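Colleague: coords please:
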Amino acid sequence: MNPIKTMLTLKAERMARAGSLFLLASAIGVAFWAIQPERALSQLSVSQDRNLALQKIAPWVAQHTADGQKVEFLVVLRDQADLSGAHGLRTKQEKGRYVRDLLLNRAHATQWPLLSWLRERNIKHRSYYIVNVIWVKADFNTALELAARADVLRIEGNPHLRNFPNSLSVHETTAERESVTAVEPGISYTHAPEVWAFGYTGQGVVVGGADSGYRWTHAALKPHYRGWDGMTADHDYNWHDSIHKSSGNPCGNDSPFPCDDLGHGTHTMGTAIGDDGTGNQIGMAPGAKWIGCRNMDQGEGTPASYIECMEFFLAPYPIGGGQGDPLRAPDITINCWRCPPSEGCSPDTLETAVEAQVAAGITTVAGAGGEGPACSTLMYPPAIYEAAYTVGALNTGTDNIASFSSRGPVIVDGSNRRKPDISAPGTNIRSAYNSSDTSYAVLSGTSMATPHVAGGAAVLLSARPILHRDVAMQRNVLNNSAFHLNSTLCGSSGYPNNTFGYGRLDVLAAYHYLLLTGAVSRKTHGGAGTFDINLPLSGEPGVECRSTGGNYTQIYTFDNNVVSGSAAVTDGIGSVSGAPTFSGRTMTVNLVGVTDVQAITVTLTNVIDEFSQVLDPTSASMIVLIGDANGNRAVNAADVVLVKSQVGQAITAANFREDVTGDGSLTSGDVALTKAHIGNGVP
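Modeller: Below is the predicted model:
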């Protein structure tokens, strides 16, 4: 079972029970009730359940409004979108558009009564849609009135959370440091340069970073910024600042261009994609592009600022706001921030945002945290989530876990979830820094390990574009190709474990990992030639509309040469005839006895490649529907019209589907066969 898909399908159930996390608020809230004005009670109608309203309010909100002060809090609406429908879509673009539209439409449809209520009372607020939530700054009375509404699920705090020590332990260097012509040790140890040698450096991939900001003019970052074309800068759709009310911040508020107020963000992005072209090869994927969002005010973030950046990445928009474009979303995001529940952060709302990114086809990479070495110190969002790809830190150049790297299992949410997922070099990492356009710094942390994995994933995507559509498969390849590191600590045995996850990132092994990359149904149309119908490996199956007497030939293509394997029909009517044949990267499977009007599934097992790697059992489905020339899963008059329009024409790649008889000519016989199947369809 795919754990990511499972989490998405269970969203409605989890959101419904999430209110139970706030039962403690009842006891705490009652304690503060005595010092709240009686007006708070009188403002609620007799019919409203005051106790239920109180139970919806998080303890942090009750505590911080005890003296009548206004605080920031998040109003989480009861109606949250179910994104499970995105799983069946074929491309990342389709997934991104579907998720954005569904979430945005749901927010528009359900938030307007509450927004009108807030506007009428001149209460400060801001609406979000990646989670159906509204940021509000108000007092306890307002929180209580909001909690009493039937459309409100809960009221959560928006605490300001410090992510790093007051000063990072930084050893700054200059671009003139000796031996800068060498690739940085962490890059080499994960074998990224060997994949560069094949021509894959991350090209065509976009990495998004949510951090302290970015010095976009840094020599190692500027050439790789999506908003820079070599002559001019365009920050629209490439940068957003979620810091709106800072005081004394060197970047100010709502910066119209990328700015880094701490240095942490510049450093992490440098490790992911940086290269100044003059010897500072600090990045894993120098061919990738990057975009950014500032979600921390000099290292201090809030749930709202984190959500805002995740929403920007879901559908980037121009500086100052405007229509978002999900087609400009990044492929991968770097998340080296934390949100401790112990400090008032609600884990559920942020998890909803992370799951929305993943549903949209965005791989969300997160640092495990630096609370090690004890077990179950991996305890902060977003690293604790199943949907996040969580990274532990190794002592660079070794396969020893760094002492500070947080360990699993995750117990803070009661899941006992194994984490981290994978590990990468994270000590003494030299990368770009925000002091100047040529400054570099040496830092340690899981924040330094995380961009190694994000950059490694970018290299993998550039080499295997088919993985763009499937975050779970990306993770599967990276996990199974990792240099496996065993551990018996923290309740683990072997691998994966609660110390290293699956082990050390190995980009070269990921590149060589055996992967099914395509499948087709192939038929020779007489003298007109051979034509293939694509069989997508995810989403809706391809439709085979040609009559073949129940005999079909399927060709499977892999990323490596394959030498042996088996195939069987695991769903539908038909069977495999004889043993599959192999040629280079292809495997040919012949089917017989296949009936019309059905979906048939073939599962490949024990497929072995030239490197003796064994493919995980993998399936592909095909709909058989003779006469469905337009491929809409129903044979009707439209198919007849389409076939008639091609009678007498030469068969080409554009019209071969209309040759439903498969005899190599478009004649009245094709029209007659199509008419004979009118009314057939597959749901």
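
Colleague: confidence score at S538?
Modeller: Looking at S538, its pLDDT stands at 81.

Colleague: that one contacts K92, correct?
Modeller: No - between S538 and K92 there is no contact under Cβ atoms under 8 Å: 10.8 Å. (C-beta placed from N, C-alpha, C; glycine too.)

Colleague: residues shared between the contacts of those two?
Modeller: R469 (Cβ atoms under 8 Å, 6 or more residues apart in numbering).

Colleague: P340 and Y380 touch, don't they?
Modeller: Yes - assessed by Cβ under 8 Å, P340 is found in contact with Y380 at 5.1 Å.

Colleague: who has more neighbours out of those two?
Modeller: When neighbours are counted by other Cβ atoms under 10 Å, P340 and Y380 differ, and Y380 comes out ahead with 26 against 18.

Colleague: so what's the more buried one closest to, chain neighbours aside?
Modeller: In space, and not counting its chain neighbours, Y380 is closest to R338: 4.0 Å by Cβ to Cβ, 6 or more residues apart in numbering.

Colleague: ok, G593 next?
Modeller: With Cβ to Cβ, 6+ apart, the residue lying closest to G593 is G574, at 5.0 Å.

Colleague: just to check, the one you found is in contact with A599?
Modeller: No - using Cβ under 8 Å, G574 is not in contact with A599, being 11.0 Å away.

Colleague: who's more crowded, the two?
Modeller: The neighbour count for G574 versus A599, taken as other Cβ under 10 Å, is higher for G574 (21 against 17).

Colleague: one step back: who's more crowded, S538 and K92?
Modeller: Higher neighbour count among S538 and K92: K92, with 22 against 17, using other Cβ under 10 Å.

Colleague: look up how far L103 lies from that one.
Modeller: Note on K92: its distance to L103, by Cβ to Cβ, to the nearest Å, is 16 Å.

Colleague: what does A53 give?
Modeller: 27 Å.

Colleague: neighbour count winner among the two?
Modeller: It is L103, of A53 and L103, that has more neighbours when counted by other Cβ under 10 Å, with 26 against 21.

Colleague: for the more buried one, grab phi and psi.
Modeller: Dihedral pair for L103: phi -70, psi -40, per degrees, to the nearest 10.

Colleague: same thing with the one 10 residues further on?
Modeller: Recorded main-chain torsions at P113 are phi -60, psi -40, according to degrees, to the nearest 10.

Colleague: contacting residues for it?
Modeller: So P113 contacts D151 (Cβ under 8 Å, 6+ apart).

Colleague: need the per-residue pLDDT for it.
Modeller: 97.

Colleague: what about it, distance to T427?
Modeller: In terms of Cβ to Cβ, P113 sits 52 Å off from T427.

Colleague: also G539?
Modeller: The value you get for G539 to T427, if Cβ to Cβ is used, is 42 Å.

Colleague: give me the more crowded residue out of those two.
Modeller: Per other Cβ under 10 Å, whichever of G539 and T427 has more neighbours is T427, with 23 against 15.

Colleague: in the lengthiest strand in the chain, what's buried?
Modeller: Criterion DSSP state E: the longest strand present in the chain is strand 598-609. Within strand 598-609, the residues scored as buried using 16 or more other Cβ atoms under 10 Å are A599, I600, V602, L604, V607, I608, D609.

Colleague: any chance of those residues in CSV, plus pLDDT and distance to N561?
Modeller: Formatted as CSV, the buried residues of strand 598-609 follow (pLDDT from 0 to 100; distance: Cβ to Cβ, whole Å):
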residue, pLDDT, distance to N561
A599, 97, 30
I600, 98, 27
V602, 98, 21
L604, 98, 15
V607, 97, 11
I608, 97, 10
D609, 96, 6
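
Colleague: got JSON lines for these, with distance to T581 too?
Modeller: JSON lines is the format used below for the buried residues of strand 598-609 (distance: Cβ to Cβ, whole Å):
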{"residue": "A599", "distance to T581": "25"}
{"residue": "I600", "distance to T581": "20"}
{"residue": "V602", "distance to T581": "15"}
{"residue": "L604", "distance to T581": "13"}
{"residue": "V607", "distance to T581": "13"}
{"residue": "I608", "distance to T581": "14"}
{"residue": "D609", "distance to T581": "15"}
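
Colleague: what residues are up against Q357?
Modeller: Per Cβ under 8 Å, 6+ apart, neighbours of Q357: I130, M310, F313, L314, T333, T364, A387.

Colleague: so which of these are in strands?
Modeller: T333, T364.

Colleague: which one of the contacts of Q357 is nearest Y98?
Modeller: L314 (11.4 Å; Cβ to Cβ).

Colleague: thought A653 was touching F531?
Modeller: Yes - counting by Cβ under 8 Å, F531 is a contact partner of A653 at 6.6 Å.

Colleague: ok, those two, which is more surrounded?
Modeller: Neighbours were counted for A653 and for F531 using other Cβ under 10 Å; F531 has more, 20 against 9.

Colleague: what's the burial count for the closest residue in space to that one that isn't next to it in sequence?
Modeller: Once flanking residues are discounted, F531 sits nearest to F656: 4.1 Å by Cβ to Cβ, 6+ apart. When neighbours are defined as other Cβ under 10 Å, F656 has 24 of them.

Colleague: same check on the one 4 residues further on?
Modeller: Counted with other Cβ under 10 Å, residues neighbouring V660 total 26.

Colleague: if I look at it, how far off is I678?
Modeller: Applying Cβ to Cβ to V660 and I678 gives a distance of 12 Å.

Colleague: need the residues touching each of those two.
Modeller: By Cβ under 8 Å, 6+ apart, the residues touching both V660 and I678 are G627.

Colleague: look at A175 and report its pLDDT.
Modeller: 50.

Colleague: same check, this time on the one 5 residues further on
Modeller: Note for V180: predicted pLDDT of 57.
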